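Trainee: Here is my input, please return the structure:
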Amino acid sequence: MRIINLDLDEDFLKRFYDLTGDKVPETITIVSLKKQVLNIKERFRTILADSSGASTSSEAIDEDSDSLSIAKSNNVLLVDNLGVITYQVQMIMSRLGFQVTATKDVYGALSLFEDKDFDFVLMDLLIPTEREGFILLAELQRIAKRKHANPIIGVMSVAGKKELKAESLEKGADFYLEKSHNWQQRLTDIVSDYISD
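Mentor: Predicted coordinates:
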């Protein structure tokens, strides 16, 4: 098998392999990366299958309450620069009845948020650093106030530092989700709680 030297960012690799619970190997090949992507997709399918009989399914939500009618537009703005995260969040939110608009950077997020109404904003804090993440959080709130909008803003991050969570909540985030073990199910539960209130 031919080994290709992939010059990938260390932070990207750590975040990518965290999704499967594996450590970053010393040697990485295209084949091994594809295998990890398949593992992540399979784990995600299992999570969705496990939750399909719970209150997270659209049928159960419709029967139990008018929860989805609370949402004004059923639109979600997702700000994350990692494709596999974007894919997983899109699957979770579409299963809950939302349309996801995704972007990879602060400027794209602000432009979309100006032009369209969103019920939820799910944003990675490290885009690429927390400094930009906090700037985005502040600007989203400024624009929302001007538009008389009140989206739920969730900050997601691989960073497990308590001070980042505290600062995010202090600066206006409605929730902070660490992208660690089983974060997909926790996101499903959090969003389900909001739309059932």
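
Trainee: Where does the prediction get shaky in the chain?
Mentor: The model of the chain has pLDDT under 70 over residues 1-22, 26-72, 197.

Trainee: the helices in it, which residues?
Mentor: Taking DSSP state H, the helices of the chain run over residues 10-18, 30-51, 58-64, 67-70, 83-95, 106-115, 130-147, 162-170, 183-196.

Trainee: nearest spatial neighbour of Asp124, skipping sequence neighbours?
Mentor: Asp80 (4.3 Å; CB to CB, 6 or more residues apart in numbering). C-beta here means a position set from N, CA and C on the backbone, and glycine is covered the same way.

Trainee: Contact partners for Val106?
Mentor: For Val106, the contacting residues are 79, 127, 132, 135-136, 139, by CB atoms under 8 Å, 6 or more residues apart in numbering.

Trainee: I'd assumed Ala102 was in contact with the residue nearest to Asp124.
Mentor: Yes. Using CB atoms under 8 Å, Asp80 is in contact with Ala102, at 7.2 Å.

Trainee: overlap in contacts of those two?
Mentor: Contacts common to Asp80 and Ala102, judged by CB under 8 Å, 6+ apart, are 86, 89.

Trainee: Tell me which of those two has more neighbours.
Mentor: Asp80 (23 against 20; other CB atoms under 10 Å).

Trainee: How about the contacts made by the more buried one?
Mentor: 86, 89, 102, 104, 122-124, 127, 156.

Trainee: Look up phi and psi at Gly160.
Mentor: Main-chain dihedrals, Gly160, degrees, to the nearest 10: phi -100, psi 10.

Trainee: Nearest residue to it in space, please, no chain neighbours.
Mentor: Going by CB to CB, 6+ apart, Gly160 has Glu178 as its nearest residue, at 5.2 Å.

Trainee: Can you give me the separation between the one you found and Gln185?
Mentor: Distance, Glu178 to Gln185, by CB to CB, to the nearest Å: 13 Å.

Trainee: any idea how far the closest residue to Ser157 other than its chain neighbours lies from Gly154?
Mentor: Closest residue to Ser157 apart from its sequence neighbours, by CB to CB, 6+ apart: Leu125 at 4.0 Å. For Leu125, the distance to Gly154 (CB to CB) stands at 10 Å.

Trainee: which of the two has more neighbours?
Mentor: Comparing Leu125 with Gly154 by other CB under 10 Å, the one with more neighbours is Leu125, at 26 against 22.

Trainee: Run a quick check on that one versus Ala159, I expect a contact.
Mentor: Yes. Counting by CB under 8 Å, Ala159 is a contact partner of Leu125 at 6.6 Å.

Trainee: Overlap of the contact sets of those two?
Mentor: Residues touching both Leu125 and Ala159 by CB under 8 Å, 6+ apart: none at all.

Trainee: which strand residues sit across from Asn75 in the sheet?
Mentor: Beta-bridge partners for Asn75, by DSSP bridges, are Gln99.

Trainee: how about Asn150, what does it touch?
Mentor: Asn150 makes contact with Ala144, according to CB under 8 Å, 6+ apart.
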